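S.K.: what follows is a predicted protein model with its sequence.
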Amino acid sequence: MSAKRRLSVALAGVSASGYRSLALDYLHAAMLADPRLAVSVSRIDAEATDDPWWSAYRVLSLDPVPDIVALPVFCWTASHVLEVVRLLKGACPEMFVVLGGPEVGPIPGQVLAEQPGIDAVVTGEGESTFCDLLHSLARGGDVCGIPGVTARDGDRIVSGGGRPPEDDMDRLASPFELIPQRTDGSAYLETYRGCPHRCAYCYEGKGSQRIRSFSWERIASDIEAVAATDGMRAVSFIDPVFNLTTERLRRLASILEPFAARGLRLHTIEVDIERVDAEQAALLKRAGVVSVECGPQSVGDHALSISKRVFDRKRFAAGVSACKEVGISVECDLIIGLPGDTPDDVVAGIDYVTGLDPGCVQISTLHVLPGTDLWDHAEEHGLVFNPTAPHEVIATRELSFTDLRRLEVYGNAVAVTYKARIGQG
Amino acid sequence: MISFAEVPIGSGGLPTCAQYCSAPSGLAPDPRPSDDITRDLQAICESWGLGQSGPGPNCSFIGFEPFAHRQLPALIGAAASLGYERIRLRTDAGALTRPGNAEGILGAGVHHLEVVVLAADDAHDRLTARPGLFNAAEEGCAAFFSAAGAEGVSVVVSAYVPVCRHSLVGLPLAAAAVARLGAASMLIDVSSLPDTAENRLHLIEALDTATINRVAATVTGWDGPLPLPWGWGVWQPVPAPGLSASTAAAAPGSGAKPLQGLP
């Protein structure tokens, strides 16, 4: 890529049906707000169930064909994205392909070594890094050496080192201000990044454990921008813990209450259920929350210890009750296959959560994600998993392959039987 | 597994053993009076939650083909008004092919079907002496799912598989056939069979077949520990709560000893 010129960039996201990538919204906003960049941007939102060939077609049929395509990768979209990359590079070898996201960010060298069609991987939060990368490419420069970028230098794979996450979150351009929001009635929002928990199976904090919040002014303006979108009815906050503190929840409730009064509803908000008391439940209700999602993921002491999770049976039950008291539906989540859990532990977990009579029970199989503690210490924990995404657990020291499969089938039967009840959709 | 209190609504009219077996229960339809059933429903509902913490109350109408019971709508209505969260019908599912039946029970509050399956396909028809019954069950379940999809409600199909010497060898095929009905789980009742090493082998084959077809299988009917693989310890049937002794005795599968896994 030579001489300074206007680059054509495609942001291509693969999401679950009905969803749109918020990460790409942030990238898009960052590009629009960066005065160094003069790029044309195309946005493609494919669904994980789409044929990858169709997704590739949508990129290659753009006019002009993009110079650069950026794709976020999650464990459940990896096979789709990698197939798209193979097709793009086959049809258009000069296209510069950049990947980011939790499936590739923690292991950029491995990804580049295994996937010759990828030119660079953005690690960590991508807004500033991706803009620097585009700026360098627009000037005909090299992307090697950019903090947060791992890329090819001939036959070598070169890391530009890490880039600290943005401390002043308000410096991140707001996608809600800069990009027209879709009008199908729902949106994602976030008020902070980082996670107070250290769960061994989770990459929610994206390598950063510090809580970095947007200012209250920014949070209020983002919410207002989303709520002002015609037809907007439902919002999901992707904050890892929506009820970080009661004081924070009070402020959020006061911002959201007027919109809740106009009918805006918050769905599947992740909460630390053990912190939810009568006051927090009332605040959640005031904010327009109709459903929350929580653990416990496991009730087995050994698995909880390995997973670095705290679980207090009584406080958990009290939190579920407090939500139910005010009419908020609770989804309880369990993970099958956590190291340390025996079959009895898994069944005890299922019995425990169904015994709480929550709105919904979600039972899923462990995925050992790059960048997590379980990924790094799998052997130590006797954890065997599929090296190919989505990295399902194959066996643990306590659960054989067949035990796991039987438990998955059992867990699914319980969950669907639980769900099917009078008054429940 | 989620517990259901089994409520007999009569006897007969429902194939629960092969036509070649002695005393086939399908030959003498005898519905219970609805007042008696309602009284049972009330008693179970009042005692639900005592001594156990499972979600509910839930009930399962068993022992008689529910679509042949003239008071079925009233019985479902009684259960719903008593506050039952989950109402299940044990049925041969053939009647669900009739227009309006699937929508009717769904609208009344039935989100659970337990289809009686003796064997797969033609073998089911032969053992029940009801030509075309398995196909009808498939179509009936499809109608139930379709009605639920149209209404946007969650429903579950499970299977009750009573095993006798005539159906034992075909048990793995029956497990696969259960999966074709769209069932999430199946209860295998081996109470009419002796507990022998050979019989266990057929049972294990069926359990494995169910698993690879994503059907959770539970076994009832044999006493004492069985030499099943350790992981099968999770398939322990839970006796339905709130059953009176007489109700339990009348209810196939209730009061069964749980399977024990190998240490």
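M.R.: Yes, it's here. Numbers count the residues shown, from 1 in each chain, chains lettered A, B, ... in the order given.

S.K.: ok, and for the helix ranked longest in chain B, which residues are buried?
M.R.: The helix of greatest length in chain B, counted in residues with DSSP state H as the criterion, is given as helix B:133-151. The neighbour-count check on helix B:133-151 (16 or more other CB atoms under 10 Å in any protein chain shown) flags B:133-134, B:136-138, B:140-145, B:147-148 as buried. C-betas here are computed from N, CA, C, even on glycine.

S.K.: quick one: distance of that helix to the chain centre.
M.R.: Taking CA atoms, centre = their mean, to the nearest Å, one finds helix B:133-151 lying 16 Å from the centre of the chain it belongs to.

S.K.: ok, then the element right after it?
M.R.: Tracing the chain past helix B:133-151, the next element assigned as helix or strand by DSSP states H and E is strand B:156-162.

S.K.: tell me the angle the helix or strand just after that next one makes with helix B:133-151.
M.R.: If you walk from strand B:156-162 toward the C-terminus, the next helix or strand you reach (DSSP H and E) is helix B:171-180. Helix B:171-180 runs at 30 degrees relative to helix B:133-151, counting by axes from the mean of the first three to the mean of the last three CA atoms, to 10 degrees.

S.K.: helix B:171-180 and chain A in contact?
M.R.: No: residues of helix B:171-180 are not located near chain A by CB under 8 Å from any CB of the partner chain, the shortest gap being 10.5 Å.

S.K.: tabulate the CA atom coordinates of that helix in PDB.
M.R.: In PDB, the C-alpha atoms belonging to helix B:171-180 read as follows (Å, rounded to 0.1, in the frame of the first residue of the first chain):
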ATOM      1  CA  LEU B 171     -35.100 -50.600  23.100                       C
ATOM      2  CA  PRO B 172     -32.200 -48.700  21.600                       C
ATOM      3  CA  LEU B 173     -34.200 -48.200  18.400                       C
ATOM      4  CA  ALA B 174     -37.100 -46.900  20.600                       C
ATOM      5  CA  ALA B 175     -34.700 -44.400  22.100                       C
ATOM      6  CA  ALA B 176     -33.800 -43.100  18.700                       C
ATOM      7  CA  ALA B 177     -37.500 -43.000  17.700                       C
ATOM      8  CA  VAL B 178     -38.200 -41.000  20.900                       C
ATOM      9  CA  ALA B 179     -35.600 -38.500  19.700                       C
ATOM     10  CA  ARG B 180     -37.500 -38.200  16.400                       C
END
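
S.K.: what is that helix packed up against?
M.R.: helix B:121-128, strand B:156-162, strand B:185-189, helix B:197-212 (3 or more CB pairs under 8 Å, 6 or more residues apart in numbering or on different chains; DSSP states H and E).

S.K.: switch the cut-off to 7 Å
M.R.: Helices and strands in packing contact with helix B:171-180 are listed as strand B:156-162, helix B:197-212; criterion 3 or more CB pairs under 7 Å, 6 or more residues apart in numbering or on different chains; DSSP states H and E.

S.K.: got the angle between the helix or strand just after the longest one and strand B:185-189?
M.R.: Counting by DSSP H and E, the element after helix B:197-212 in chain order, helix or strand, is strand B:216-220. Comparing the axes of strand B:216-220 and strand B:185-189 via the same axes, to 10 degrees yields an angle of 20 degrees.

S.K.: how near is the closest residue in space to residue A:220 that isn't next to it in sequence to residue A:265?
M.R.: In space, and not counting its chain neighbours, residue A:220 is closest to residue A:255: 5.0 Å by CB to CB, 6 or more residues apart in numbering or on different chains. Using CB to CB, to the nearest Å, residue A:255 is found at 15 Å from residue A:265.

S.K.: repeat for residue B:54
M.R.: Distance of residue B:54 to residue A:265, given as CB to CB: 30 Å.

S.K.: out of the two, which sits in the busier spot?
M.R.: In terms of neighbours (other CB atoms under 10 Å in any protein chain shown), residue B:54 is the more surrounded of residue B:54 and residue A:265; the figures are 20 against 17.

S.K.: from residue B:2, how far off is that one?
M.R.: If you go by CB to CB, the gap between residue B:54 and residue B:2 works out to 7 Å.

S.K.: do residue A:29 as well
M.R.: The spacing between residue A:29 and residue B:2, counted by CB to CB, is 46 Å.

S.K.: same question, residue A:271
M.R.: Using CB to CB, one gets 25 Å for the distance from residue A:271 to residue B:2.

S.K.: now swap in residue B:132 and tell me
M.R.: Relative to residue B:2, residue B:132 is positioned 32 Å away (CB to CB).

S.K.: so what's residue 187 up against?
M.R.: Looking at chain A here, since you left the chain open. Under the criterion of CB atoms under 7 Å, 6 or more residues apart in numbering or on different chains, the contact list for residue A:187 reads A:181, A:226, A:232, A:235.

S.K.: that was the other one, I meant chain B.
M.R.: Shown here is residue B:187, whose contacts under the criterion CB under 7 Å, 6+ apart are B:160-161, B:218, B:220, B:253.

S.K.: closest to chain A out of those?
M.R.: Comparing those against chain A with CB to the nearest CB places residue B:218 closest, at 9.0 Å.

S.K.: tell me how many other residues crowd that closest one.
M.R.: The burial count assigned to residue B:218 is 24, neighbours taken as other CB under 10 Å.

S.K.: so where's the stretch 301-425 of chain A shaky on pLDDT?
M.R.: When residues are selected by pLDDT under 70, those of the stretch 301-425 of chain A lie in A:425.

S.K.: and the residue of the stretch 1-150 of chain A found nearest chain B, what pLDDT?
M.R.: Taking CB to the nearest CB, chain B has its nearest neighbour within the stretch 1-150 of chain A at residue A:18, 14.9 Å off. pLDDT recorded at residue A:18 is 70.

S.K.: contacting residues for it?
M.R.: For residue A:18, no residue counts as a contact, taking CB under 7 Å, 6+ apart as the criterion.

S.K.: please tell me how far it sits from residue A:234.
M.R.: 11 Å.

S.K.: and residue A:308, by the same measure?
M.R.: Using CB to CB, one gets 32 Å for the distance from residue A:308 to residue A:234.

S.K.: ok, these two, which is more surrounded?
M.R.: Set residue A:308 next to residue A:234 and count neighbours by other CB under 10 Å: residue A:234 wins out with 16 against 13.

S.K.: pLDDT below threshold where in the stretch 101-250 of chain A?
M.R.: Regions of the stretch 101-250 of chain A meeting the criterion pLDDT under 70 cover residues A:183, A:206-208.

S.K.: spell out which parts of it neighbour chain B.
M.R.: Residues of the stretch 101-250 of chain A lying near chain B by CB under 7 Å from any CB of the partner chain: none.

S.K.: show me where the stretch 101-250 of chain A has strands.
M.R.: If DSSP state E, counting those that start in this stretch is used as the criterion, the strands of the stretch 101-250 of chain A fall at A:120-122, A:149-153, A:156-159, A:186-189, A:192-193, A:212-213, A:234-237.

S.K.: count the neighbours of residue A:196 for me.
M.R.: Using other CB under 10 Å as the criterion, residue A:196 is surrounded by 14 other residues.
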